[in-house]
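Student: Have a look at this fold, sequence not included:
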């Protein structure tokens, strides 16, 4: 996580932005952004997305090593799980790196009995395939129980949450647009 905070500050300074500039572009407070850059507070994915948009970078910029995947293939031994502070979801990026990509394929692991309480709505589309377990999706006020082998596909603009009702992990194959990680 420290690398993310450092990269936010590094990119902000490269762009010549002050904390105030970034605050105005994101509608996040100066003190919050300062705490983020020092690693003194947790950072929700929605706030990270606002920062990425304001800095005109893909959100993946904060998670990537300096060496991009130039061969379009992501070998199993190259896949690195990561978490967003404040979330129990564990993500693994499955897609290669190249200019102009618009899909974000991920493997998402939900902890036992995990419930996402904050609804999200944003541009793009979301596709999920349940690899293991059961996941309850609430999309635009409608509840869908998706079991192993089932899938769901919806516009990301609809408010949505998900929940793992099991006492064991559930695993999803997720394909999102736009690229957010």
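Tutor: That came through fine. For clarity, every value in this text was computed on a predicted model and none was experimentally measured. Residues are numbered from 1 along each chain as shown.
Student: would you list every one of the helices in this protein?
Tutor: 2-14, 19-26, 30-37, 45-54 (DSSP state H).
Student: what about the third one, distance to the chain center?
Tutor: If you compare the mean C-alpha spot of helix 30-37 with that of the full chain, they lie 20 Å apart, counting by Cα atoms, centre = their mean, to the nearest Å.
Student: quick one, it and helix 19-26 angle?
Tutor: Here the directions of helix 30-37 and helix 19-26 differ by 100 degrees (axes from the mean of the first three to the mean of the last three Cα atoms, to 10 degrees).
Student: Not counting helix 30-37 itself, show me its contacts.
Tutor: The contact list for helix 30-37, computed with Cβ atoms under 8 Å, 6 or more residues apart in numbering, reads 5-6, 8-9, 12, 19-20, 22-23, 26, 41, 43, 47, 51. In this view, the C-beta of every residue, glycine as well, is placed from N, C-alpha and C.
Student: Below-threshold pLDDT in this structure: ranges please.
Tutor: 1-2, 64-71, 85-86, 180-181 (pLDDT under 70).
Student: how about the strands in it?
Tutor: For the chain, applying DSSP state E gives strands covering 81-82, 90-93, 104-110, 125-132, 134-139, 142-147, 151-155, 160-163, 170-177.
Student: Could you save these as CSV and add columns showing distance to residue 74 and mean neighbour count?
Tutor: Converted to CSV, those look like this (distance: least, Cβ to Cβ, whole Å; neighbours: other Cβ atoms under 10 Å):
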stretch, distance to residue 74, mean neighbour count
strand 81-82, 13, 12
strand 90-93, 7, 18
strand 104-110, 9, 20
strand 125-132, 17, 17
strand 134-139, 24, 18
strand 142-147, 25, 12
strand 151-155, 21, 14
strand 160-163, 24, 20
strand 170-177, 14, 19
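Student: thinking again about what came up before, for the contacts of helix 30-37, name the two members farthest from one another.
Tutor: 6 and 20 (20.2 Å; Cβ to Cβ).
Student: For stretch 132-145, give me every contacting residue.
Tutor: 110, 119, 128, 146-148, 152, 154, 158-166, 168-172.
Student: residues near residue 42, how many?
Tutor: Look at residue 42: counted by other Cβ atoms under 10 Å, it has 13 neighbours.
Student: May I have the phi/psi pair for it?
Tutor: Per-residue torsions, residue 42: phi -80, psi 160 (degrees, to the nearest 10).
Student: Compare neighbour counts for residue 6 and residue 20 and give me the winner.
Tutor: Neighbours per residue, other Cβ under 10 Å: of residue 6 and residue 20, the larger number sits with residue 6, 14 against 10.
Student: Which residues are in contact with that one?
Tutor: Counted by Cβ under 8 Å, 6+ apart, residue 6 has contacts residue 37.
Student: Measure how buried the spatially closest residue to residue 20 that is not a sequence neighbour is and give me the count.
Tutor: Excluding the flanking residues, the one nearest residue 20 by Cβ to Cβ, 6 or more residues apart in numbering is residue 30, at 5.8 Å. Neighbour count for residue 30, taken as other Cβ under 10 Å: 14.
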